[in-house]
Each structure stands twice: as C-alpha cells, then as structure tokens.
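Visitor: build the 3D model from these lines:
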Amino acid sequence: MQVIQIRDEFIKLGQALKLAGLVDSGVTAKEVIQNGEVEVNGEVDTRRGKKLYAGDTFTFMNQTFEITN
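Guide: Below you'll find the model as predicted:
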C-alpha cells in the first residue's frame, strides 16, 4: 500500500487520483470514477467529489493508496 499525504482536512477522489499519478487529467479521473473502476474503502464509489480523509483508502488498477496527514 502506498501513502498519499495531504495538508488539508480532506482531498477529493479525483484530485487524489491525479496526485497519485494514476490519471493525467480531471477528465480521465471523472471517466474512471464514473465507470466504477475506483474503490474507496473497499467499495466502488462513482462520486468524483467524494471526500477522502486521513485513514481512507482508494484502489485503482490494483494499486491501493492510503490518505494520511
């Protein structure tokens, strides 16, 4: 599991995908999220604006990341 460190209280799922280098644009992030390709805390989540807080995890393309601050 890889770690993404944030400075704020939360990060939106689309932003987290970009920060992790898994997608190259917000448009691509929106597409993969809406297509059900991303799991948040073990469940598919289709909301690009889903807020991730410290302790949350997300998985895309068999790569899992944990949010920390």
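
Visitor: from now on I want contacts and neighbour counts done on CA atoms only, so please keep to that.
Guide: Noted.

Visitor: show me where the protein has helices.
Guide: Secondary structure of the chain (DSSP state H): helices at 13-19, 26-34.

Visitor: now render the ones you listed as a markdown table, adding mean pLDDT, distance to G49 and mean neighbour count.
Guide: Shown next, in a markdown table, are the helices of the chain (pLDDT from 0 to 100; distance: least, Cα to Cα, whole Å; neighbours: other Cα atoms under 10 Å):
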| stretch | mean pLDDT | distance to G49 | mean neighbour count |
| --- | --- | --- | --- |
| helix 13-19 | 96 | 6 | 21 |
| helix 26-34 | 96 | 9 | 16 |
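
Visitor: got these as CSV, with distance to N69 columns?
Guide: CSV is the format used below for the helices of the chain (distance: least, Cα to Cα, whole Å):
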stretch, distance to N69
helix 13-19, 13
helix 26-34, 22
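
Visitor: hey, which strand is longest across this protein?
Guide: strand 63-68 (DSSP state E).

Visitor: quick one: contacts for the closest residue to K30 other than its chain neighbours?
Guide: Distances taken as Cα to Cα, 6 or more residues apart in numbering place R48 nearest to K30, at 5.9 Å, with adjacent residues excluded. Neighbour list for R48: 12-14, 29-30, 33-34 [criterion: Cα atoms under 8 Å, 6 or more residues apart in numbering].

Visitor: got the buried residues for stretch 51-58?
Guide: 52-54, 57-58 (16 or more other Cα atoms under 10 Å).

Visitor: what is the neighbour count of the residue lying closest to R7 once chain neighbours are set aside?
Guide: In space, and not counting its chain neighbours, R7 is closest to N69: 5.8 Å by Cα to Cα, 6+ apart. Neighbour count for N69, taken as other Cα atoms under 10 Å: 13.

Visitor: now do N69, the pLDDT please.
Guide: On pLDDT, N69 comes in at 90.

Visitor: surely it touches L52?
Guide: No - N69 is beyond contact range of L52, at 11.2 Å (criterion: Cα atoms under 8 Å).

Visitor: so how far is A16 from T68?
Guide: As defined by Cα to Cα, to the nearest Å, T68 lies at a distance of 12 Å from A16.

Visitor: what is in contact with the two at once?
Guide: Taking Cα under 8 Å, 6+ apart as the contact rule, T68 and A16 both touch I4.

Visitor: done for today, thanks.
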